[in-house]
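A.B. asks: show me how the following folds:
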Amino acid sequence: MRVAITGISGRFGALLTRRLHRQHTVVGIDRRPFPGAPADVELHRIDIRRKRCEEVFRKGAFDAVVHLNVMHDPRASSADHHTFNIQGTTRVMQYCQRHGIKKLILLSSANVYGPRADNTQFLTEDAPLMGGERFHQIQDLIGIDMLGQSFFWKHPEVETVILRPVHIVGAVRNAPSNYLRLDRPWTLAGFDPMVQLIHEDDVAMGIERALRPGAQGIFNLAGCEPAPLSRIIELAGGRPLPIPHFAAGPMLERLWKMRLTTFPAPELDHLRYVCMVDAARAREVLGYTPRYDLDATLTHLRLTRALLAS
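C.D. replies: From the prediction side, this is the model:
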């Protein structure tokens with residue numbers, strides 16, 4: 001199978017590439033370089049929004065596209081997010097439809113549901129996407145997710161898969177991994193929500209399962225067993241720093257404006273409310289079962305913290 005990966009040069013793109021290239025022909029598309037790429041991986045350094053990117057799709061004869069090329073920088077402007085994420089994803093979908101690509105996989109996130117006080121214990125794939133109510137940076141991710149749903153119905157000839165993993169941890173530089181790498185992560189006094197994590201390798205495995213012919217639709221991806229946030233911090237090697245809820249928001253907003261933190265204030269909702277998902281459909285349809293338990297997942301995180309610090 002010839003598989004194109006957009007956003008291949010990110011940490012997760014590199015991890016996925018090293019997993020897939022042994023069984024598939026992998027072609028990468030990214031504006032950034034990919035140092036250390038496997039020798040058999042064909043790379044195109046190009047912006048997916050540029051017209052000449054369509055030539056790569058036209059000549060590539062791809063069987064599947066895995067779209068990872070999404071901007072997550074919370075400091076980027078809303079205009080930059082919209083231009084890159086929404087326009088870029090729209091272009092990729094157009095290329096798939098025009099050039100007869102049979103499968104498109106979009107990596108979304110369980111964060112599109114949003115942490116809320118009124119969430120049910122485990123959310124299914126048909127739960128409303130409420131994550132953008134208080135955190136506008138999630139709105140683009142919801143927009144991409146909804147673009148994928150629309151594309152699924154308009155173009156049934158393309159097997160469209162939308163994956164919504166819970167908090168991914170590992171060598172990736174995302175908010176959950178960055179938070180758990182802190183020696184003294186903030187918590188909100190009086191709150192200890194149950195949290196779901198997923199090992200980055202289990203997400204890659206979920207994508208690999210989704211590449212199988214016939215797989216299509218929306219799938220939550222859960223990883224290891226849920227645990228209280230306090231327990232997760234302990235296993236990650238941190239010591240929680242409890243902050244009163246009424247003070248945490250203003251303090252974090254001030255630190256954000258002074259560029260002394262990478263966490264915007266709306267992220268505090270994840271330290272207060274539950275946002276857990278039901279992954280039964282992924283188990284039944286994709287045959288997905290996570291391989292890493294909580295201890296193994298956080299041991300991996302500790303090892304990547306040491307490597308990143310060296």
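A.B. asks: what are the boundaries of the helices in the chain?
C.D. replies: With helices called from DSSP state H, the chain shows them at 11-20, 53-60, 78-81, 88-98, 138-154, 175-180, 200-210, 229-236, 245-257, 280-281, 294-309.
A.B. asks: now stretch 115-133 - C-alpha only, PDB.
C.D. replies: The C-alpha trace of stretch 115-133 is given here as PDB (Å, rounded to 0.1, in the frame of the first residue of the first chain):
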ATOM      1  CA  PRO A 115     -14.100  18.600  29.900                       C
ATOM      2  CA  ARG A 116     -17.500  19.600  31.500                       C
ATOM      3  CA  ALA A 117     -19.200  19.200  34.800                       C
ATOM      4  CA  ASP A 118     -22.200  17.600  33.100                       C
ATOM      5  CA  ASN A 119     -20.300  15.000  31.000                       C
ATOM      6  CA  THR A 120     -21.500  11.400  31.300                       C
ATOM      7  CA  GLN A 121     -18.900   8.900  32.600                       C
ATOM      8  CA  PHE A 122     -17.800   7.600  29.200                       C
ATOM      9  CA  LEU A 123     -18.700   9.600  26.000                       C
ATOM     10  CA  THR A 124     -19.500   7.800  22.800                       C
ATOM     11  CA  GLU A 125     -18.800   9.000  19.300                       C
ATOM     12  CA  ASP A 126     -22.200  10.600  18.900                       C
ATOM     13  CA  ALA A 127     -21.700  12.900  21.900                       C
ATOM     14  CA  PRO A 128     -21.900  16.700  21.000                       C
ATOM     15  CA  LEU A 129     -18.600  18.400  20.400                       C
ATOM     16  CA  MET A 130     -18.500  21.000  23.100                       C
ATOM     17  CA  GLY A 131     -14.800  21.500  23.500                       C
ATOM     18  CA  GLY A 132     -14.700  24.900  21.800                       C
ATOM     19  CA  GLU A 133     -17.200  26.600  24.200                       C
END
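A.B. asks: let me see the contact set for the closest residue to G214 other than its chain neighbours.
C.D. replies: Excluding the flanking residues, the one nearest G214 by Cβ to Cβ, 6 or more residues apart in numbering is E159, at 7.2 Å. For every residue, glycine as well, the C-beta is placed using N, CA and C. By Cβ atoms under 8 Å, 6 or more residues apart in numbering, the contact list for E159 reads K102, K103, L104, P213, G214, A215, Q216.
A.B. asks: select only the buried ones of those in PyMOL?
C.D. replies: The buried residues among the contacts of E159 can be selected in PyMOL (16 or more other Cβ atoms under 10 Å) with this line:
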select buried, resi 103+104+215+216
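A.B. asks: so can I have TSV of the contacts of E159 showing distance to Y179?
C.D. replies: Shown next, in TSV, are the contacts of E159 (distance: Cβ to Cβ, whole Å):
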residue	distance to Y179
K102	38
K103	33
L104	31
P213	38
G214	37
A215	32
Q216	33
